[in-house]
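A.B. asks: Quick one: sequence plus predicted model below, questions after.
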There are 2 protein chains.
Amino acid sequence: MKTEKVDKRLAILEAAEKLFCETGYEGTSTRQIAKESGANMAMINYYFGSKEGVFVEIMNERIAGFASQLKIINEDKISALEKLHKVIEGYVNRIMNNTAFHKMMHRELSLTQRPEMYDKIKDAMSHNMQLIDRIITDGIEDGSFNKVDVRMVIATIMGTVTNIVIAPHKVISCSNFDLSNPKDKKIIKDRAVTHLQDLTTVYLTTKR
Amino acid sequence: MKTEKVDKRLAILEAAEKLFCETGYEGTSTRQIAKESGANMAMINYYFGSKEGVFVEIMNERIAGFASQLKIINEDKISALEKLHKVIEGYVNRIMNNTAFHKMMHRELSLTQRPEMYDKIKDAMSHNMQLIDRIITDGIEDGSFNKVDVRMVIATIMGTVTNIVIAPHKVISCSNFDLSNPKDKKIIKDRAVTHLQDLTTVYLTTKR
DNA sequence: GGAAATTAATCAAACGATTGATTAATTTTG
DNA sequence: CAAAATTAATCAATCGTTTGATTAATTTCC
């Protein structure tokens, strides 16, 4: 039996992301990261230069990964509403498959101490925002959508998802409910998609 | 000229809340709090026992203050929709008049290291949730509202507001926009209320 | 009423523990 | 063997907290 080669670099990244999410950046010590990853403390600085280097690496990797998922939707020859529904489904799935990272990102967004990180996240989110903005604005211009406060609608879509991720108890009052349980996650994911698609359909297309 | 009596206890609480919001709980040192408040470091432990004691005190005070604002609305002899609109207006106003605290609260909600604090916040939010839940459920039962996923609608209302507070740039792309500017705040507050009232009206009452 | 005793508030200094980071030595790998 | 990877030991700095002393105000007592 061959012991699998453990990539210490990767192990550090994974352990750090887990800990950063659970206890925050300043709430996580390099010793904890070392212990959790099974690496020596010095390896953190060896590979990433510093604790913040680990953090930046995690954020960059994640953001880069997300960016590659985008853009395809807006090309299709489908209606604005269908486009929006596709985006919602993709967005909900992405966020809810990366709840830990999403929490970490939002926490960072609410702090003022690492402006470069704030800007980085802001820019990454802006892409999503512009994508949705484009779809809704197009829908309004071609007459298939009502005239609405586009930015507010976007805040509603994104805010709803974030709210579910950060405070799942708000949605499911069941005490032994667990987002890390795949079955529970699927249930809530489907409910979120259904709700948001239904909501946007009614709000954007109802003649009044 | 009489030098005003400075309440060090209060000064510590105010400075701590400001700093906790800006740089997080673990990101704020007791020395910073002492400096910002103009009090000696020992005063923190003298009055509150510990750094966490300050934090708990802030949360308790705030939550108690919020709790006293509630409950009146549900008594009025008005329609479910009017009740909901009142709640939305009150909720938006409260959150946006305490953006710093709201950020801090949400950050704490996304961490796992202080379970007692998590539960405390959760319970406080539950009251708001139950209030809205009651109104919408009543509206559904008396036939004035459509049958909807009530918890999801609540997540949408609360999530929208939180999203605006934490990521105002999502709503206003204007770069020199500032939530701490009363005029800017009023503008965004009104937009939020209008949007949420409009959204819920259409979504809950449109016959379909 | 005024000295004595008690209390609350404040301070500078220091405490032990922990932080992120670095060193120099050792092991592993190609 | 040389480069890369890994280790234990150590660093200065900072952390939250505690200390003993001092001040200022209040209460007690004769």
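C.D. replies: Everything's here; your move.
A.B. asks: quick one: A:K83 and A:T137 touch, right?
C.D. replies: No - in this structure A:K83 lies outside contact range of A:T137 using C-beta atoms under 8 Å: 11.7 Å. From N, CA and C alone the C-beta is placed, and that goes for glycine too.
A.B. asks: Confirm for me that A:C21 is in contact with A:F101.
C.D. replies: Yes - at 6.9 Å, A:C21 counts as touching A:F101 under the criterion of C-beta under 8 Å.
A.B. asks: Scan chain A for its longest helix.
C.D. replies: Ranked by number of residues, the top helix in chain A under DSSP state H is helix A:115-141.
A.B. asks: Return the distance of that helix from the chain's centre.
C.D. replies: The chain centre lies 13 Å from the centre of helix A:115-141; the measure is C-alpha atoms, centre = their mean, to the nearest Å.
A.B. asks: Find the closest residue to DNA strand D in chain A.
C.D. replies: Here chain A gets closest to DNA strand D at one residue, A:N40, 3.1 Å apart by C-beta to the nearest atom of the strand.
A.B. asks: where's that residue relative to chain B, distance?
C.D. replies: Distance check for A:N40 against chain B: by C-beta to the nearest C-beta, to the nearest Å, it reads 24 Å.
A.B. asks: Same check on A:A192?
C.D. replies: Distance from A:A192 to chain B, by C-beta to the nearest C-beta: 7 Å.
A.B. asks: For that residue, give me its contacts.
C.D. replies: With contact set as C-beta atoms under 8 Å, 6 or more residues apart in numbering or on different chains, A:A192 has these partners: A:V92, A:M96, A:T160, A:V161, A:I164, B:M152.
A.B. asks: which one of the residues you listed is nearest DNA strand C?
C.D. replies: Comparing these against DNA strand C with C-beta to the nearest atom of the strand picks out A:M96 as the nearest, at 29.3 Å.
A.B. asks: Please identify the nearest residue in space to the closest one, excluding sequence neighbours.
C.D. replies: Nearest non-adjacent residue to A:M96, counting by C-beta to C-beta, 6 or more residues apart in numbering or on different chains: A:K189, 5.0 Å away.
A.B. asks: What parts of chain A come near DNA strand C?
C.D. replies: Within chain A, the positions adjacent to DNA strand C are A:26, A:28-32, A:41-42, A:44-45, A:49-52 by C-beta under 7 Å from any atom of the strand.
A.B. asks: quick one on the thing from earlier: OK, contacts around the residue nearest to A:M96?
C.D. replies: Listed by C-beta under 8 Å, 6+ apart, the contact partners of A:K189 are A:V92, A:N93, A:M96.
A.B. asks: what packs against the host helix or strand of A:H106?
C.D. replies: According to DSSP states H and E, A:H106 maps onto helix A:99-109. Contacts defined by 3 or more C-beta pairs under 8 Å, 6 or more residues apart in numbering or on different chains; DSSP states H and E place helix A:99-109 against helix A:8-23, helix A:51-67, helix A:115-141, helix A:150-166.
A.B. asks: Look up how far A:N97 lies from the residue nearest to A:M105 when sequence neighbours are not counted.
C.D. replies: In this structure, A:M105 finds its nearest non-sequential neighbour in A:I121, 5.6 Å apart by C-beta to C-beta, 6+ apart. According to C-beta to C-beta, to the nearest Å, A:I121 stands 18 Å off from A:N97.
A.B. asks: who's more crowded, these two?
C.D. replies: More crowded of A:I121 and A:N97, by other C-beta atoms under 10 Å in any protein chain shown: A:I121, with 20 against 11.
A.B. asks: Many thanks, have a good one.
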